[in-house]
Structure formats: C-alpha cells, structure tokens
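Q: Provide a 3D model corresponding to the input given below.
(chains A, B, C and D)
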2 protein chains.
Amino acid sequence: MATIRDVAKLAGVSVSTVSRVLNKNGYVHTETENKVADAIQRLDYEPNAVARGLANQKTMTLALILPDITNPYFPLLSKAVENVARAYGYSVILCNADDHLGEPKSYIELLRQAYIGGIIFATHALEPQDIDYLNKHQIPFVVLDRAPTRQYSVVRSRNYEGAKLAVRHLLDSGCRQIAHIYGPPEIFTASERRQGYMDSVQAYDWYRPELMVPGDFQLEGGMEAAKQLMERHPDIDGIFAGNDLMAVGALKALLRMGIKVPEQVAICGFDGIFLTEVIEPELTTIAQPIYEMGALAVKILLGKIAGSDDLDQVHELEVSLVVRQSTKRGKLE
Amino acid sequence: MATIRDVAKLAGVSVSTVSRVLNKNGYVHTETENKVADAIQRLDYEPNAVARGLANQKTMTLALILPDITNPYFPLLSKAVENVARAYGYSVILCNADDHLGEPKSYIELLRQAYIGGIIFATHALEPQDIDYLNKHQIPFVVLDRAPTRQYSVVRSRNYEGAKLAVRHLLDSGCRQIAHIYGPPEIFTASERRQGYMDSVQAYDWYRPELMVPGDFQLEGGMEAAKQLMERHPDIDGIFAGNDLMAVGALKALLRMGIKVPEQVAICGFDGIFLTEVIEPELTTIAQPIYEMGALAVKILLGKIAGSDDLDQVHELEVSLVVRQSTKRGKLE
DNA sequence: TTGAAAGCGCTAACAT
DNA sequence: ATGTTAGCGCTTTCAA
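A: The predicted model follows:
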C-alpha cells in the first residue's frame, strides 16, 4: 500500500506538501499540486484512516446507539444514518444498547478512546452522568426522541399533535368511544402521545380514565391491552395505540377475538413503520418521517463536529396521517 | 486522558513493560506487574484503540456488509453479529451495500485502509474480483448463504432439505396441488429451495411447471405471484414461498381475493423472521437459526483473524419446521 | 510556497 | 526481566 511518503518521493516534494494538497489547506503552488495529484493517481494512493485518526485525535466514524435493531422502528433509521454518514465519508458503528446494559465499560468510554467522531443516541438509556461525560470530553452528540431542551440537540417529531390528529381521525371515521394504549411512561414520546389523547377526548361524555391502558411499545403489550380493553369495555369502537407495534398487536388480538376491523373497531397506530403496510387490513397510522429524522440527526452531528455551535437545539419534524384500511368505516368520508 | 507513558512514569517502569502487561506477552516480574496494574487503576487508563490499530496495522473492528438492513431478515442477523463481536471486544461497522452500489470506492478498499479486522458478507453483490482482492490483501472474511466452496468460509443452512420439509408438511396437511414462488435465480439459496421443491413434487401427477412462478424475495413479488397463481390455477391448495417475505405477500394477496388461509390454501414460508409471528393467521415456516448463523459467522471470522487456517470451510446449519396457523387444515394431524 | 521534524499513543525488535 | 528506540502513516508547527 502506498503511503504519503511514497507519494512525496514520486512527486519530488515533501510529505507536508502532499498533506497540504490532501487536506486543501495551506498554500501550494498549482504546479506542485499537479505533480502531487499525478503521483497520487499513479500510486492509487488513499490516505490511511487510522493514521489520520491518530494524528487528528478524531476518526471519520460515528456511533449509532439504539435499544435494539430488531425493533422494527430502527432499521430504517439506521439505514438513513448510514447512508447520509457515508455520503460524507463517515462510517457508522452500530450499538444495541439493550444487549449490553450490564457491561462494565460503558459504550461511551469505549467510543471515546476509539476517537469516535460523534454519537447519535436513539436509546432511552442515556443517563445524566453520560451527558456530563460527553460534555466534559467534548464529544459531539445528538439525541432522538427527547423532550425539547437546551442541554443538547434533539431531533424529534410532533407527538402531541400527532396524537390529536389520530383521535380526530378516529372521530371523523365515526368512532364514538376511543381507547388508548400508551407506552412506557419513562419514554417521553409515549407520554406526549398519551397527553395528546387525553386533551382530545377529555371533553367528551363517554370519556373515562379506564379507556387508557398501559402497553410496553411491543407487540405483546398491544395484544394484552387490547384484549383487556375489549373484555372490560365491549362498546369501544376505536383504539389509538401509542405506537405501531402495539397497534399491530391490538389488531391481532381483535382478529383472534372475532372482532372485525375496521367495521366494529377502528385502529390507528403511530410511527409509520413498514409493518403497517404488510398486515391485512393495513394499518392507519400517524407517520413520522423516520428516514428524514435519521438523516437530519447525522447532518446536525456533522455540523457539530465541524464546530458549528449555533445549531438549533431542537428540531421537531411534522407527522402525517396515513389513512389505510384499519379505519375505513365508510362514515363521513 | 492518560497514556501508556503516564502509566509507565507512575509505575516507575518503561512503556514497553506496561505494554507487556497490557498484552500479557513477554516476561514480567509479578511485582512490577502489580505496580503497573496499580498505576493503570489509579489513572483509569485505557489503551487507545486508534494508536493500537496503527501500530498493529489492524483494528478491533469488523464490518458487516448486507444488502439492506430494512429487509426483515437482517436485523436479527446484525444483532447477533454485534453481540458476539462485542463480547470479544470488537465493534462492528454496518454497510448497506445496495445503497452504495454505484459508488466509486468500493467498501472493501475503504475498509482495508481503515485496517478493518475482518468482514462478514451477507450480500450477494460479492464479485470474484472482490474475493481476489480480499485474498491478495489477506483480509479475513466469511460469507453467508453461498454455495459450499473451498474458496472461502461459508455459513449457510440446509435450504434444499428445508424446501423438502416444507413440501412434505404441506402434503401432510392435506394439500393436493402445491405451487412454489421462487426467489431470484442469481441468489443461490433461492435456487436450492426451488430445487428442493421440484425434487419433491416432480413425481406427482398433478405437478406442472406452471406451478412454479418467480418472485423477488420481497413482499410485492409474493403478492403478484400469488395473485397470478390463483387466477390461472384456482385449484391450488398449497403455496410454498421461497422466503417469508414473499409468503406474507402471498397471504396478503389471498386474503384480498377472499381466499381463506389455511382452509382453502395453506401457505408455508422460509426463514423464520419475526414477521411470521406478527401477522394473522401466523405463518408456518422453515426457520433458519438466524441468530446462530450470525454468531457462528463472527466466531469463524475471529478464528481466522487469530490465524487458524484450518477452520472448516463450510458450516451448514439445520433448519426446522415451525407449524403455525397458515397450514393448520385439521387434516392428518 | 515548501521542507524538516516533532508528535499522536502504541507495539515490537533489539539491547542490556 | 526490563529498557531504548524505531517505527505505524499522517498532521502541523516552525523555519527557511
């Protein structure tokens, strides 16, 4: 493999000159630049990433930390991150946080000593002490799905408004008794969606707190919640689930109970994952721009790495109602 | 951040001694070892991965190259890879090959100049010239889902036998006219499964070549193929799809056509992805041990990195029939 | 505008 | 058993 020294020798210049043309900094005569470019070409030279990393104390690698890549929300997100990162010359290291919770060395320390360029957190297992560590060591990072804050950059979407959109749509579809399956309270987005539901239905006389039941943001939780809901409140005719996975679970449970969707009960989810288009009937959902969120997170991160300190701290993206079979009850439309 | 020099100074020894205790090679007096260990502890020292990489011409990073992480087969695979790799101290870089097909610099060259430890290929876009390049530059690698070969290590599963298992199960379930939706011929596993189907049904008088229709290993292909199949051959009562995604597509198409599954047509897929448990009715499938395949691939790769040259070249894992609703026709069981 | 040389933090001969 | 030192390949002062 050719090194910068080989190039320098062949071009008849010093390594520092080669380095200058490589990094396009410092003054370099056009003529020598051409000689260098020529030598680079002829040797098929490619600067070594590791050596660069060592000299710069910083590598062209980003880390994406997420709870679990097998959760259907994350493949598209990680694809976006990888795509955009690569477009800018960065590689991305994948970290399934849930699988390594009890480990002695935290991801962050490991990444730091590997001179990682920056980190995207799509996990909820980010502790205040981690934030301190990141700040103390000046590691650029971006967080997804957190509360608006000035502490760090956040990429998120309009969960509250999305939930209102869902309820309104269910109402418009002719539902008169809408239940909600909410996600884990410690997950901020789950609470926002729940709040959106509450504020939308509170004024109706049919509303009772029992119409809100907890789920776990997983398939199973959605199934159980829906089952319980229908057993206790057979007159429910609409379910708004806090995420698509639970919505699919709810659908599954209803089908098994012989309840027709959307005729007897309409279902609306949240997220807009691929799964909603796979099942039958297809699921109406409040779609987040998942790919865009990942792409934006990378761009913000790269901006931070480049030193821009004035990046907006909170980036809130719009959600959109995607109407599909699971809420088509032929009413009012 | 503490460096090896700081440790050496604090312990009152030289850097090479510290290096020796770090890497547990060379002789070192127990007493001095303790002093060093103590200094490491007190400084909270952690050897720098990048510097190590540069000195060794090799980093503790693996690459996983797959077609597209949003294909539901790959999240579990990549989780396995990441888990096992990390257990051995390695990080893994994710590469969506399909998204970067037209790019000038190939992944492999990029990875090489980043001193990658090794590569796992779960993509089919691996050309002979890539193999040459890898061998020439002595980059350890393992390939998934390829034909048995002596050229390189392969991790795969019994596709042929699995297909036979599928057909036999469909037959046992009372099917008398079984169609097959096969995957892209350039994908070797697809051909093997197709061959298994052919060899299983050829002897039956109901068999006709038209019962085999092409799919694309995606949802859409499965839908279209199933639709076409049922329109042209309404007496089909069983479908064996070359993978789960197409099986799910087939199910979707049949449901839309008002055809009952499994009562009128039974469906069996192949792979054992999560999706098969999510849909309703749940899908019978020939399950590959996806996690184990990923885990094994890493272990073989690490073995190669460590220098073992005598690793078996082909690792073929067993598949298993997972019977679910989509083939429960109440016959013969 | 260009070059010499000192790192970046670690490993591994080679010496002692 | 331990230390000295020359790299690994690149960046970046500092001089010229």
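Q: when you work out contacts or count neighbours from here on, use the C-alpha atoms and nothing else.
A: OK.
Q: report whether stretch A:230-242 contacts chain B.
A: No. Stretch A:230-242 stays clear of chain B (C-alpha under 8 Å from any C-alpha of the partner chain), getting no nearer than 16.0 Å.
Q: next one: the closest residue to A:Ile4 other than its chain neighbours from DNA strand D, what distance?
A: Spatial nearest neighbour of A:Ile4, excluding adjacent residues (C-alpha to C-alpha, 6 or more residues apart in numbering or on different chains): A:Val15 at 6.2 Å. Using C-alpha to the nearest atom of the strand, to the nearest Å, A:Val15 is found at 5 Å from DNA strand D.
Q: now for the longest helix belonging to chain A, which elements pack on it?
A: Longest helix of chain A, by residue count under DSSP state H: helix A:290-305. Helices and strands touching helix A:290-305, as assessed by 3 or more C-alpha pairs under 8 Å, 6 or more residues apart in numbering or on different chains; DSSP states H and E, comprise helix A:74-87, strand A:118-121, strand A:141-144, strand A:153-157.
Q: what's that helix in contact with?
A: Helix A:290-305 is touched from outside by A:76-81, A:83-85, A:117-120, A:140-144, A:155-156, A:271-272, A:311, A:317, with contacts defined as C-alpha atoms under 8 Å, 6 or more residues apart in numbering or on different chains.
Q: reformat the helices and strands packed on helix A:290-305 as CSV; add distance to A:Gln195, mean neighbour count and mean pLDDT.
A: Output for the helices and strands packed on helix A:290-305, formatted as CSV (distance: least, C-alpha to C-alpha, whole Å; neighbours: other C-alpha atoms under 10 Å in any protein chain shown; pLDDT from 0 to 100):
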stretch, distance to A:Gln195, mean neighbour count, mean pLDDT
helix A:74-87, 24, 22, 98
strand A:118-121, 24, 24, 98
strand A:141-144, 19, 23, 97
strand A:153-157, 15, 24, 97
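Q: with respect to DNA strand C, which of those lies nearest?
A: If you check each of the helices and strands packed on helix A:290-305 against DNA strand C by C-alpha to the nearest atom of the strand, strand A:118-121 wins as the nearest, at 17.5 Å.
Q: and that closest one with chain B, contact?
A: No. Counting by C-alpha under 8 Å from any C-alpha, chain B is not contacted by strand A:118-121; separation bottoms out at 13.7 Å.
Q: for that strand, packing partners?
A: strand A:61-66, strand A:141-144, helix A:290-305.
Q: pick out the residue of the stretch 51-200 of chain A closest to DNA strand C.
A: Closest point on the stretch 51-200 of chain A to DNA strand C, by C-alpha to the nearest atom of the strand, is A:Ala55, at 3.3 Å.
Q: quick one: pLDDT of that residue?
A: Here the pLDDT value assigned to A:Ala55 is 97.
Q: A:Phe240 belongs to a strand?
A: Yes. Counting by DSSP: H, G, I helix; E, B strand; the rest coil, A:Phe240 is located in a strand.
Q: quick check: A:Leu62 touching A:Cys95?
A: No. Applying C-alpha atoms under 8 Å, one finds A:Leu62 not in contact with A:Cys95, separated by 10.8 Å.
Q: who has more neighbours out of those two?
A: Neighbour tally, A:Leu62 and A:Cys95, criterion other C-alpha atoms under 10 Å in any protein chain shown: the higher count belongs to A:Leu62, 28 against 25.
Q: check the spacing between that one and B:His233 real quick.
A: 53 Å (C-alpha to C-alpha, to the nearest Å).
Q: mind listing the strands in chain A by residue range?
A: A:61-66, A:91-96, A:118-121, A:141-144, A:153-157, A:178-182, A:212-214, A:238-241, A:266-271, A:284-287, A:314-317, A:320-322 (DSSP state E).
Q: for A:Pro140, which non-adjacent residue is closest in space?
A: A:Gly118 (4.8 Å).
Q: for that neighbour, what are its contacts?
A: A:61-63, A:139-141, A:301-302, A:305.
Q: at 6 Å what do you get?
A: A:62, A:140-141 (C-alpha atoms under 6 Å, 6 or more residues apart in numbering or on different chains).
Q: what's the answer for A:Asp216, then?
A: A:183-184.
Q: so for it, what's the pLDDT?
A: With respect to pLDDT, A:Asp216 scores 97.
Q: do A:Tyr133 as well
A: pLDDT, A:Tyr133: 94.
Q: which residues touch it?
A: A:Tyr133 neighbours (C-alpha under 6 Å, 6+ apart): none.
Q: if we can go back for a sec, among the strands of chain A, which is the most enclosed?
A: strand A:238-241 (a mean of 30; mean count of other C-alpha atoms under 10 Å in any protein chain shown).
Q: restricting to C-alpha, output that strand in PDB.
A: Extracted C-alpha coordinates of strand A:238-241, given in PDB (Å, rounded to 0.1, in the frame of the first residue of the first chain):
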ATOM      1  CA  GLY A 238     -61.800   2.900  18.200                       C
ATOM      2  CA  ILE A 239     -58.300   2.300  19.500                       C
ATOM      3  CA  PHE A 240     -55.400   4.600  19.300                       C
ATOM      4  CA  ALA A 241     -52.200   2.800  20.100                       C
END
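Q: packing partners of it?
A: Applying 3 or more C-alpha pairs under 6 Å, 6 or more residues apart in numbering or on different chains; DSSP states H and E, one finds that strand A:238-241 contacts strand A:178-182, strand A:266-271.
Q: sheet-wise, list the partners of the longest one with their directions.
A: Read it as strand A:266-271. In the sheet containing strand A:266-271, its partner strands are strand A:238-241 (parallel), strand A:284-287 (parallel), by DSSP bridges.
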